[in-house]
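A.B. asks: Quick one: sequence and predicted model below, then my questions.
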Amino acid sequence: MLTIHDLDVFHGDAQALDRVSLDVPEQAIVAIVGANGAGKTSLIRTIAGMHRPAGGTIRFRGRDIAGLPSHEVCNLGIGQVAEGRQVFPTLTVAENLAMGAMIPRARHHRTRNLERVYTMFPRLKERHSQAAGTLSGGEQQMVAIGRCLMGEPELVMFDEPSLGLAPTVVQEVLRTIRDLAEGGLTCVLVEQNVAVSLRLAARAYVLENGRVTLSGTGEELLANDGVRKAYLGL
């Protein structure tokens, strides 16, 4: 579904991504593993159209989308659940979700998609008129995921979805991602809990200093001695 080849990204004079290549198969979870500053968020934002690459290609369903503005990327079917949730704090839950349905591809199915989100996250239906900024961290993450799903994405990129959440909530969020993938959604997962993300992932890539240094199935990377020492403390 998504193929990236020799992607170069700079922030000023600093190179954030150096000839990054990877493939994301349809209806799979692909994990991106790496330390802070490795280039994971730069990769997500470049795919989403928030950064313009200096070189390379990003092909979504065969079309090169590198350099397209973010609203066009979103309307093609690529969604993003950003790090830190980034809900609109003064808007209600319902208003936050409605923001996700503003792109052309999703407008005609707004009611259906809203019911889908409320079925997935019943707590959001209970709190539909509550300001999103007054919700717990876990509930705000539900809003962020739900808002993304309102845009009818075919591929969703999750950037640190468990960051700052209680362990029980983390399990719920990751279970939601697994269920979405089993339901046919393609997922790119950047997650600080490396062990869990590799167990979920059909395929995984290790980013170090902006370069892909290792790739394989989630199970292969989970069993790799270098990965276990660097990211699992084993």
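C.D. replies: Okay, I see it. Numbering: from 1, shown residues only.
A.B. asks: how about the lengthiest helix in the chain: buried residues?
C.D. replies: Longest helix in the chain, counting residues (DSSP state H): helix 167-182. For helix 167-182, the neighbour count (16 or more other Cβ atoms under 10 Å) marks 169-170, 172-174, 176-178, 180-181 as buried. Where you see a C-beta, it was placed from the backbone N, CA and C, and this is true even at glycine.
A.B. asks: What of stretch 66-81?
C.D. replies: 66, 68, 73-81.
A.B. asks: Just the closest of the buried residues of helix 167-182 to residue 156, please.
C.D. replies: residue 180 (7.1 Å; Cβ to Cβ).
A.B. asks: Spit out the contact partners of the closest one.
C.D. replies: Residues in contact with residue 180 (Cβ atoms under 8 Å, 6 or more residues apart in numbering) are 156, 187.
A.B. asks: repeat that for 6 Å
C.D. replies: The contact partners of residue 180, by Cβ atoms under 6 Å, 6 or more residues apart in numbering, come to none.
A.B. asks: And residue 5, by the same measure?
C.D. replies: Residue 5 touches 21, 56-57, counting by Cβ under 6 Å, 6+ apart.
A.B. asks: pretty sure it belongs to a helix, no?
C.D. replies: No - applying DSSP: H, G, I helix; E, B strand; the rest coil, one finds residue 5 to be strand, outside a helix.
A.B. asks: Break down this structure into its strands, ranges please.
C.D. replies: 2-11, 14-24, 29-33, 55-60, 63-64, 78-81, 155-159, 186-190, 203-208, 211-216 (DSSP state E).
A.B. asks: In JSON lines: the ones you listed, plus distance to residue 98.
C.D. replies: Below are these laid out as JSON lines (distance: least, Cβ to Cβ, whole Å):
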{"stretch": "strand 2-11", "distance to residue 98": "28"}
{"stretch": "strand 14-24", "distance to residue 98": "29"}
{"stretch": "strand 29-33", "distance to residue 98": "28"}
{"stretch": "strand 55-60", "distance to residue 98": "26"}
{"stretch": "strand 63-64", "distance to residue 98": "28"}
{"stretch": "strand 78-81", "distance to residue 98": "15"}
{"stretch": "strand 155-159", "distance to residue 98": "18"}
{"stretch": "strand 186-190", "distance to residue 98": "24"}
{"stretch": "strand 203-208", "distance to residue 98": "34"}
{"stretch": "strand 211-216", "distance to residue 98": "38"}
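A.B. asks: can you redo those as CSV with distance to residue 135 and mean pLDDT?
C.D. replies: Listed next are those as CSV, based on distance: least, Cβ to Cβ, whole Å; pLDDT from 0 to 100:
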stretch, distance to residue 135, mean pLDDT
strand 2-11, 31, 98
strand 14-24, 31, 97
strand 29-33, 26, 97
strand 55-60, 32, 98
strand 63-64, 37, 97
strand 78-81, 15, 97
strand 155-159, 19, 97
strand 186-190, 23, 97
strand 203-208, 31, 96
strand 211-216, 37, 97
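A.B. asks: and of those strands, who's closest to residue 108?
C.D. replies: Judging these by Cβ to Cβ, what sits closest to residue 108 is strand 78-81, at 17.2 Å.
A.B. asks: Check the offset of that closest one from the chain's centre.
C.D. replies: 6 Å (Cα atoms, centre = their mean, to the nearest Å).
A.B. asks: C-alpha coordinates for that strand, PDB please?
C.D. replies: Presented in PDB, the C-alpha positions along strand 78-81 are these (Å, rounded to 0.1, in the frame of the first residue of the first chain):
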ATOM      1  CA  ILE A  78      -3.700   8.500   5.000                       C
ATOM      2  CA  GLY A  79      -4.600   9.500   8.600                       C
ATOM      3  CA  GLN A  80      -2.400  10.400  11.600                       C
ATOM      4  CA  VAL A  81      -2.800  10.100  15.300                       C
END
